[in-house]
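J.: sequence below, structure please.
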Amino acid sequence: MKVLILALAVFFIGFQQIEAQIYNPIKVKGYNHDVIADGDGNSALATTTKEMDAISPSNYVLCTKQFANANAFQPANLYGLPDSGTFSVPGRKFQMAPFDSNNVLYLMAGESGILELVQPARYTDFSLLSMATEGDAQVSIRFQFSDGTTQLFNKTIEDWFNTVVPQTFSGYGRVKRKDGPINPGDYEAAQQGNPRFRNLDFVLPCEKTLVSLEVSNSGFIGNQSNRAFILAVSGLERTASPSITISTKDTTACLGQPMRFVSKPDSGGNAPQFAWRINDGPVLGTDSVFTSSILQDGDTVTCTLNSNAFCALPDTAVSNRFVVSLKPLRTPLAIVIPEDSIACEGDPLKFSVQTENCGDNPTFRWFLNNTQSSSTGANYTVPGIEAGDSIKCLVRTSETCLTIDRVLTIPVGIEVTPVIDLKADLPPVILLGDPALKLIAQPPVAQFSGHGVNQNQFDPAQAGTGKHTLLVYVPENNCSDTLRKEILVCNPVPTNLVLPSGEEANRVWTVESPGFSCSEKTEVNVYDRWGKEVKAFDNYLNNWNGSDLIPGCYFYRVSYTLPGRTNKLVKTGHITFMP
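T.: Below you'll find the model as predicted:
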C-alpha cells in the first residue's frame, strides 16, 4: 500500500509541474487550541490556551511577529510568525486561522480530532502544515468523502526542532507561555532555524468530494509523550479538463488534393489517443495529425481526444467541427488573338493572349516560328509579319487548384497580304478616233479603272479629249499602293476662219485645242489658191492671225509630231483670213 501511495505521489508531482497548478488554502472547522501569542501586549499566557510542550522545563508556545517586536525580541525582526498567518512559497500557500481564536488542531498522544471542510470539494492532492513536539509523532489521517467512502494514510510528523529533512517553513522561534515582562531568556531558537513545520502531502481520488478528515495521534514513540499539531490545510482542486482544437494551414485546399490537419490537445496527458472522422463517420486516423485526399467541399472534420492525463474528467473531448472549403480543379485556358485578322507583309503586327483560370499574375513566353522571343508580357508585336509565320504563347499560371500549371496556345497563322509593286506602260497620247486601247500591267492580276476604262480597255471616244488619270490596283489587296497613270486624248483640228478684229476666239489661228497641247512639234505650211507657199512655221504655237497676208482664202498643211508615235499626224484644209 505504501508503494502504491508513493507512486501516485510521484505521478501527481509530475502532473502538477506540467500543468503549473497551485496549492491554495482550504477553510476548515475543528481547530481546538490557540497556541499563538499575538497582539502588542506582553502576556503569552493570556493570549493562548495551552503550552505546546511540557510545562516543566519547557512551557513554550509560538508568537506573532507583532508580539515579538512589541516585546523587543532580539535580533529584531527575526522572531515570530507572519502577522497575516499566511505561509507562501511558489506553488504552495497556507492560511492559518485567526490568531485571536483557536488556530491549531492540538492532539496529545492517543487523541483524535476532526477537521471539517467549510465547503466540500474535490481535490487531486491535499496538504497539511504540521509539526510535533517532544519527539516525532506517528499519526493516521482518514479522509471522509461525500459518497460515504474513506481513505486512510499513516504519516510521521517530525519534531519541531532540528529535523533531518529540510522544511519549507522554519525559523520563527518560541516563547515561554507566561505573563510579562518577557525577558531575553524567555524566547529562543529562531537563530537556529527552529521551530520547523512539515508539509504532509496526500493524493486523493479526484472524482470524489472531500467532506472532512480525522487526524489521530497514535501514541508514544519510544518513551516520549508526543504532541501533534495541524496548523493549516491546503489543497489543489482538480483542473484536468481535456479539450482539443484542430486547424489546417491548407487555406487554399483543392478538391482531390491532400489536406493536412493538426490537432492541439490540452490536458491530453503523456499518451493521448486521437480519432479523426469525416462527417462523423468511421475513424480514419489515429495520429495527432490527419491527412486526407478524399474530402469533398462542405465535409466536416472532427477529432476525438482520449486523454490519459491524471484525473481527466471526462477523459474524452471532441474538437471543433472544421467545415472544409475546397476549390474545384479547373483547367487553365489561353488563346492568342491578333490585333488584325489580315496583315500586310512586312508590317508590324500586335498579338495578345487572353487567359482563363490562369490567376492574377501569370507569366508569358512567346514563340515565333518555334523560336522563343524576348517578350514576356501579355502582348507581343512581330516587327515584320511574313506569310507562313506561326505565333504561340506558353502561359505559366499563378492560380491554385488547376489540372495543369501551364498551357501552350494553339499556333496562330495570319493571312498575310503581299505588297505588290505595280507597273503599267501607257502611251502618253491617244487620238480621239483611235480604237480602244488594251491596258496591260504587271502583275497580270492588276486592274485598271478610270473614265473610259472598261474591262482593262481604254476607249478614247468614250473618255473624250483631255488628260485622264487611270488607276492601277490589285483587287482585294489593301496592302499595295494604287498606281496612277495619265493619258492624253487628242483631236487636233485647225480652225478655218480668222477675224483679227473680231471675237476673241477667232482673233488667231489655232491648230490645237486651247489649254493643252498634244503635239511635241507642230509644223505648218500655208498656200494661196495657186499653190504657192505663203507662210511656214517649224513649230506653230497658235499665235498668228494672218494679218501679214492679203485677206482671202488659203490652204494649209499641219504636221503634228505626237509623243510616242513614229508617224506624224497630217491635217489639211482651207482657212479664210478676214480683214
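
J.: and for stretch 106-121, what's in contact with it?
T.: 26-33, 35, 50, 52, 105, 137, 139, 146, 209-220, 225-230, 233, 235, 237 (CB atoms under 8 Å, 6 or more residues apart in numbering). C-beta coordinates here come from the backbone N, C-alpha and C atoms, glycine included.

J.: filter those to the buried ones?
T.: 26, 28, 30-33, 35, 52, 105, 137, 139, 210-218, 225-230, 233, 235 (16 or more other CB atoms under 10 Å).

J.: what helix or strand does residue 124 sit in?
T.: Following DSSP states H and E, one finds residue 124 within strand 112-133.

J.: for that strand, the distance to its chain's centre please.
T.: 58 Å (CA atoms, centre = their mean, to the nearest Å).

J.: buried stuff in that strand?
T.: 113-115, 117, 122-133.

J.: quick one: the residue nearest to residue 405 when sequence neighbours are not counted from residue 445, how far?
T.: Nearest residue to residue 405, sequence neighbours excluded (CB to CB, 6 or more residues apart in numbering): residue 397, at 5.5 Å. Distance, residue 397 to residue 445, by CB to CB, to the nearest Å: 48 Å.

J.: and the closest residue to residue 245 other than its chain neighbours, what pLDDT?
T.: Spatial nearest neighbour of residue 245, chain neighbours left out: residue 264 (4.9 Å); criterion: CB to CB, 6+ apart. pLDDT recorded at residue 264 is 96.

J.: isn't residue 264 up against residue 247?
T.: Yes - between residue 264 and residue 247 there is a contact under CB atoms under 8 Å: 7.2 Å.

J.: ok, now which ones touch the nearest residue to residue 226 once chain neighbours are set aside?
T.: Nearest non-adjacent residue to residue 226, counting by CB to CB, 6+ apart: residue 137, 3.9 Å away. Contacts here follow CB under 8 Å, 6+ apart; on that basis residue 137 touches 107, 109, 156-157, 217, 221, 226-228.

J.: got phi/psi on residue 463?
T.: Backbone dihedrals for residue 463, given as degrees, to the nearest 10, come out at phi -70, psi -40.

J.: neighbours around it, how many?
T.: 20 (other CB atoms under 10 Å).

J.: over to residue 462?
T.: 13.

J.: tell me who's in contact with it.
T.: 451-452, 454.

J.: which intervals of this protein have sub-threshold pLDDT?
T.: Across the chain, the ranges flagged by pLDDT under 70 are 1-20, 163-166, 219-225, 238, 501-506, 514-516.

J.: now do the helices in it.
T.: Secondary structure of the chain (DSSP state H): helices located at 2-19, 65-70, 460-463.

J.: what's the separation between residue 544 and residue 436?
T.: In terms of CB to CB, residue 544 sits 36 Å off from residue 436.

J.: whoops, I mixed them up, residue 200
T.: 138 Å.

J.: mind giving me the domain ranges of the protein?
T.: Under the assignment automatic domain parsing, the domains of the chain span 2-237, 243-323, 333-417, 423-490, 497-577.

J.: starting at the chain centroid, how far to the shortest one?
T.: Between the centre of domain 423-490 and the centre of its host chain there is 71 Å, according to CA atoms, centre = their mean.

J.: next: the last one.
T.: If you compare the mean C-alpha spot of domain 497-577 with that of the full chain, they lie 99 Å apart, counting by CA atoms, centre = their mean.

J.: now the terminal residues of it, how far apart.
T.: 6 Å (CA to CA, to the nearest Å).

J.: cool, the second one as well?
T.: From the first residue to the last, domain 243-323 extends over 19 Å; the measure is CA to CA.

J.: could you list the buried residues of stretch 250-268?
T.: Buried-residue list, stretch 250-268, by 16+ other CB under 10 Å: 253-255, 259, 261, 263, 265-268.

J.: let me redo that: stretch 569-579
T.: So, applying 16+ other CB under 10 Å, buried residues of stretch 569-579: 569, 575, 577.
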